[in-house]
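Colleague: Sequence first, then the predicted structure:
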Amino acid sequence: MKTTILAIVLGSSLMVSAQQKTSVYLDVTKPLEERVENALSLMTTKEKVALCYAQSKFSSKGVPRMGIPEVWTDDGPHGIREEVFWDEWGGAHWTNDSCTAFPALTCLAATFNPELSSLYGKSVGEEARYRNKTVLLGPGVNIYRTPLNGRNFEYLGEDPYLSSRMVVPYIQGVQSIGVAACVKHFALNNQEEWRGHINVNVSDRALHEIYLPAFKAAVQEGKAWSIMGSYNQFRGEHCCHNDLLLNKILKNDWKFDGVVISDWGGVHNTDQAVKNGLDLEMGTYTNGLTTNGNFPYTEYYLANPFLKGIEEGKYDMALLNDKARRILRLIFRTTMSANRPFGRFVSPEHSEVARKIAREGIVLLKNDKQFFPIPVRKYNKIAVIGENATRSLVIGGGSSSLKVAYEISPLQALTAKYGNAHIVYSLGYASGPAMYGREESSKLNADSLIAAATEVAKNADVVLFIGGLNKNHFQDCEGGDRHSYGLPFGQDKLIDELLKVNKNMAVVLLSGNAVAMPWVDKVPAIMQGWYLGSEAGNALTDVISGEVNPSGKLPFSFPKKLEDNAAHFFGKLSYPGDSINEYYKEDILVGYRWFDTKKIAPQFPFGYGLSYTSFELSALTTDKATYGKGNIIKVKFSAKNTGSCFGAEVGQLYVSDPVCTVARPAKELKAFKKIFLQPGETKMVELNVKVADFAFYDEVRKDWNVEEGDFILQLGNSSGNISQTLKIAVR
Ligand code: GLC
């Protein structure tokens with residue numbers, strides 16, 4: 001009898017411990033890695049493989065038997081994409097998924113304000129959380145190498161330091177709401193032309209000094225929980241399964257513990273997908289824009305072929321366990337985390353954030369005779385001309401396209417501000433509908449549009465031309481690059497015709513890229529607005545009317561002509577390549593690094609932006625004259641508002657290394673600070689700058705290297721306007 005009782009007691013205690021053992025992964029109080037290992041130990045091989053590939057257009061399996069939820073991803077960097085049909089790109093026409101559109105990331109970069117980046121990440125993270133998404137497919141941090149790249153509007157500009165400082169708070173913001181950010185597209189996806197296969201050839205120096213820093217900051221400082229492989233190839237391997245990028249640099253050197261997600265259709269073979277660092281395969285058999293594969297998901301490269309390879313012993317179980325661990329870790333960090341915050345959707349707070357970022361990102365490029373601001377009663381008749389005054393700029397552009405709850409156009413906000421009686425509008429030019437994968441021109445007659453617009457402009461006191469680019473294919477749009485540097489749809493001709501009848505005219509550009517400005521000397525004022533999101537019109541009107549003093553700075557250079565740009569200087573092989581290979585011949589001299597080193601004057605330089613007030617940066621000092629390689633330099637300078645209204649200046653600290661065993665750019669941005677000042681106010685600003693940040697990537701040592709010698713610190717309010725220099729020595 002005793003034995004029986006003992007056996008029952010023993011048995012049930014074994015049961016209890018087994019039960020306890022099995023529940024560890026469900027216990028939110030347990031350490032993350034303990035939960036991961038426990039869940040892994042309870043899963044079958046088939047269940048582990050099932051984690052590694054899509055089950056629908058934007059989702060992948062969990063482990064239903066164990067109560068581990070599915071992974072739901074969604075675009076994009078500027079707001080939460082509408083719900084689509086299970087296995088299609090097309091919208092599912094739900095009625096509860098119209099979101100807040102935040103400004104495009106070029107606008108966020110133009111604020112030079114990392115605090116706004118954090119606010120942005122939290123707000124878009126709350127909208128993703130409310131829509132029950134596990135992963136937000138953004139932010140994008142590919143470097144702006146050519147003004148023709150269709151997706152520059154989604155990224156943070158031409159400088160690796162600015163991109164790094166702005167991407168980290170965005171990721172931290174999104175993930176603070178329990179949604180994984182997915183920094184993209186890793187790496188070297190700097191154009192859309194032949195994006196699916198173009199093989200990028202670039203030196204180790206340019207790779208590490210220009211194209212990787214923002215991703216490295218996203219992983220090591222932002223602690224990104226996922227990263228998206230890019231479509232293109234790098235040194236002969238597709239980046240979604242690239243041994244050097246994913247295994248060596250990302251996972252080994254940078255210690256990335258998150259999930260590598262493929263771009264949609266970026267996976268091309270099982271062997272490399274298994275061995276070269278990919279964890280989650282999405283969108284195979286599509287081109288990431290339109291084509292829908294008609295293959296069952298089990299045909300994916302990491303599906304049955306992978307399972308078969310494991311069962312036959314071709315692939316080591318350790319490879320599968322690593323992928324499964326990373327995906328489980330992502331799930332326990334998000335949908336199964338203990339204190340996952342709640343989200344909110346289309347809230348007044350999100351509208352305020354969108355408006356605040358848009359206002360701070362707008363860049364005043366020219367303002368002769370104080371054309372701006374335009375106080376409400378200054379003019380009786382204001383002519384507003386141009387399609388971008390009324391066209392929706394949140395739709396189109398590819399995967400970042402949004403179905404929004406609302407979008408305030410410039411014309412709506414200007415009319416509300418200045419009064420219906422004082423605003424008269426004419427379309428001026430027309431571009432045709434925003435389509436994926438192809439362009440359709442407008443049916444309207446261009447000459448009659450111009451005639452109507454000049455008639456309106458002739459009879460007005462002032463003209464606001466609101467044009468630029470849009471999200472049509474071959475404009476600012478995924479899947480294709482622009483074919484020319486100039487403004488499209490006959491805008492230059494229209495601007496000339498308008499100037500003939502009224503010289504009191506400003507050009508306001510809404511775009512995500514630089515454009516040629518043949519009229520730059522003929523117009524008194526130019527304003528660079530970005531894709532400003534749901535609050536576009538309000539933000540633009542806030543700045544035009546003087547409610548807000550513009551403080552944006554250009555996150556990329558505006559060349560006078562395309563051939564002045566580094567990537568285009570070296571001809572077709574440099575951009576867009578020969579359809580198989582592309583060679584980044586400018587190497588490390590991207591953007592202002594090129595213009596400053598080659599002494600080519602840009603139309604408007606990186607970091608440039610005017611204000612309605614004026615500032616003085618002075619008294620640049622450092623705490624010492626000589627530093628060791630591991631030191632931090634305490635830089636101080638004074639910023640004064642010498643004008644008549646409240647505003648903000650961006651103090652930018654560039655560094656040059658005049659004597660070095662390798663060629664280095666004329667200068668490189670190594671610190672910046674946005675300073676808000678009342679009229680007459682002065683503030684002392686402190687910047688801590690690491691000497692280690694002065695390093696170049698040494699291709700011999702295959703590591704970073706700071707050579708001893710003098711370095712010149714250069715303080716300015718743009719890369720083209722240095723007001724103070726100071727020499728320090730590194731010993
Ligand atoms: C697209 C894009 C990527 C996007 C994904 C899902 O092709 O390259 O940025 O997140 O597919 O739409």
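Modeller: Nice, I can see it.
Colleague: Let me see the contact set for the residue in the chain that the ligand sits nearest to.
Modeller: Here the chain gets closest to the ligand at one residue, Gly288, 2.5 Å apart by C-beta to the nearest ligand atom. In short, each C-beta sits where N, CA and C put it, glycine included. By C-beta atoms under 8 Å, 6 or more residues apart in numbering, the residues touching Gly288 are Gly196, Tyr231, Asp263, Trp264, Gly265, Gly266, Ser399, Glu478, Gly479.
Colleague: quick one: which of those is most hemmed in?
Modeller: Gly266 (29 neighbours; other C-beta atoms under 10 Å).
Colleague: Where do the domain boundaries of the chain fall?
Modeller: The chain breaks down by automatic domain parsing into domains covering 42-333, 354-552, 615-730.
Colleague: Out of these, the one nearest Asp587 is which?
Modeller: The closest of those to Asp587 is domain 42-333. By C-beta to C-beta, the value is 4.8 Å.
Colleague: mean confidence score for that closest one?
Modeller: For domain 42-333, the mean pLDDT works out to 97.
Colleague: ends of it, how far apart?
Modeller: Chord length of domain 42-333, first to last residue, is 19 Å (C-alpha to C-alpha, to the nearest Å).
Colleague: what do you get for stretch 610-626?
Modeller: Stretch 610-626 end-to-end distance (C-alpha to C-alpha) = 35 Å.
Colleague: where's the residue nearest to the spatial centre of the chain relative to Asn304, distance?
Modeller: Centroid check for the chain by C-alpha atoms, centre = their mean gives Tyr155 as the closest residue, at 2.9 Å. In this view, Tyr155 and Asn304 are 36 Å apart by C-beta to C-beta, to the nearest Å.
Colleague: And for Val260?
Modeller: In terms of C-beta to C-beta, Val260 sits 21 Å off from Asn304.
Colleague: which residues in the stretch 301-450 of the chain form strands?
Modeller: Assigned by DSSP state E, counting those that start in this stretch, the strands in the stretch 301-450 of the chain fall at 363-367, 382-385, 423-426.
Colleague: Switch these over to JSON lines; also include mean neighbour count and mean pLDDT.
Modeller: Below are these laid out as JSON lines (neighbours: other C-beta atoms under 10 Å; pLDDT from 0 to 100):
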{"stretch": "strand 363-367", "mean neighbour count": "21", "mean pLDDT": "99"}
{"stretch": "strand 382-385", "mean neighbour count": "26", "mean pLDDT": "98"}
{"stretch": "strand 423-426", "mean neighbour count": "20", "mean pLDDT": "98"}
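Colleague: how far out from the middle of the chain is stretch 120-128?
Modeller: Computed by C-alpha atoms, centre = their mean, to the nearest Å, the chain-centroid distance of stretch 120-128 equals 15 Å.
Colleague: same question but for stretch 369-379, I mixed them up
Modeller: Using C-alpha atoms, centre = their mean, the offset of stretch 369-379 from its chain centre is 34 Å.
Colleague: Show me which residues of the chain sit near the ligand.
Modeller: Asp75, Gly76, Leu137, Lys184, Asp263, Trp264, Gly288, Leu289, Ser399 (C-beta under 6 Å from any ligand atom).
Colleague: Distance-wise, check the residue nearest to the first one when sequence neighbours are not counted relative to Thr291.
Modeller: Translated: Asp75. With C-beta to C-beta, 6 or more residues apart in numbering as the criterion, Asp75 has its nearest non-adjacent residue at 4.0 Å, and that residue is Arg81. Distance from Arg81 to Thr291, counting by C-beta to C-beta: 18 Å.
Colleague: Please apply the same query to Tyr608.
Modeller: 42 Å.
Colleague: Turn the residues of the chain next to the ligand into TSV, columns for secondary structure.
Modeller: Output for these, formatted as TSV (DSSP: H, G, I helix; E, B strand; the rest coil):
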residue	secondary structure
Asp75	coil
Gly76	coil
Leu137	coil
Lys184	strand
Asp263	coil
Trp264	coil
Gly288	coil
Leu289	coil
Ser399	coil
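Colleague: Quickly name whichever of the residues you listed is closest to Leu715.
Modeller: Lys184 (33.7 Å).
Colleague: so what's that closest one up against?
Modeller: Residues in contact with Lys184, defined by C-beta under 8 Å, 6+ apart, are Leu137, Gly138, Pro139, Gly140, Val141, Asn142, Ile227, Met228, Ser230, Asp263.
Colleague: What of Leu713?
Modeller: Neighbour list for Leu713: Leu620, Thr622, Ile633, Val635, Leu653, Tyr654, Val655, Thr725, Leu726, Lys727, Ile728 [criterion: C-beta under 8 Å, 6+ apart].
Colleague: Make a PyMOL selection of the buried ones in those residues.
Modeller: Buried members of those, defined by 16 or more other C-beta atoms under 10 Å, are picked up in PyMOL with:
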select buried, resi 620+622+633+635+653+654+655+726+728
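Colleague: Could you check which of Val260 and Asn304 is surrounded by more residues?
Modeller: With neighbours defined as other C-beta under 10 Å, Val260 and Asn304 compare such that Val260 has more, 28 against 16.
Colleague: quick one: the spatially closest residue to that one that is not a sequence neighbour and Val520, what's the gap?
Modeller: Spatially, and ignoring its direct neighbours in sequence, Val260 is nearest to Asp279 (4.7 Å; C-beta to C-beta, 6+ apart). The gap separating Asp279 from Val520 is 48 Å, by C-beta to C-beta.
Colleague: What of Leu320?
Modeller: Distance of Leu320 to Val520, given as C-beta to C-beta: 58 Å.
Colleague: With neighbour numbers in mind, choose between the two.
Modeller: Using other C-beta under 10 Å as the criterion, Leu320 and Val520 rank with Leu320 on top: 22 against 15.
Colleague: Contacts only, for that one.
Modeller: Leu320 neighbours (C-beta under 8 Å, 6+ apart): Thr45, Lys48, Val49, Cys52, Phe306, Ile310.
Colleague: Check whether the first one really touches Phe306, as I assumed.
Modeller: No: taking contacts as C-beta atoms under 8 Å, Thr45 lies outside contact range of Phe306: 10.1 Å.
Colleague: Now the two most distant members of the residues of the chain next to the ligand.
Modeller: Among the residues of the chain next to the ligand, the pair separated by the greatest distance (C-beta to C-beta) is Lys184 and Leu289, at 15.0 Å.
Colleague: Would you state the predicted confidence (pLDDT) at Ser13?
Modeller: At Ser13, pLDDT is 51.
Colleague: Check Ser441 too.
Modeller: In this prediction, Ser441 has a pLDDT value of 86.
Colleague: ok now do the residue nearest to it when sequence neighbours are not counted, which residues does it touch?
Modeller: Nearest non-adjacent residue to Ser441, counting by C-beta to C-beta, 6+ apart: Gly432, 4.7 Å away. Going by C-beta under 8 Å, 6+ apart, Gly432 touches Glu439, Glu440, Ser441, Ser442, Asn472.
Colleague: Repeat the analysis, applying 10 Å as the threshold.
Modeller: Residues near Gly432 by C-beta atoms under 10 Å, 6 or more residues apart in numbering: Glu387, Glu439, Glu440, Ser441, Ser442, Lys443, Leu444, Asn470, Asn472, His473, Phe489.
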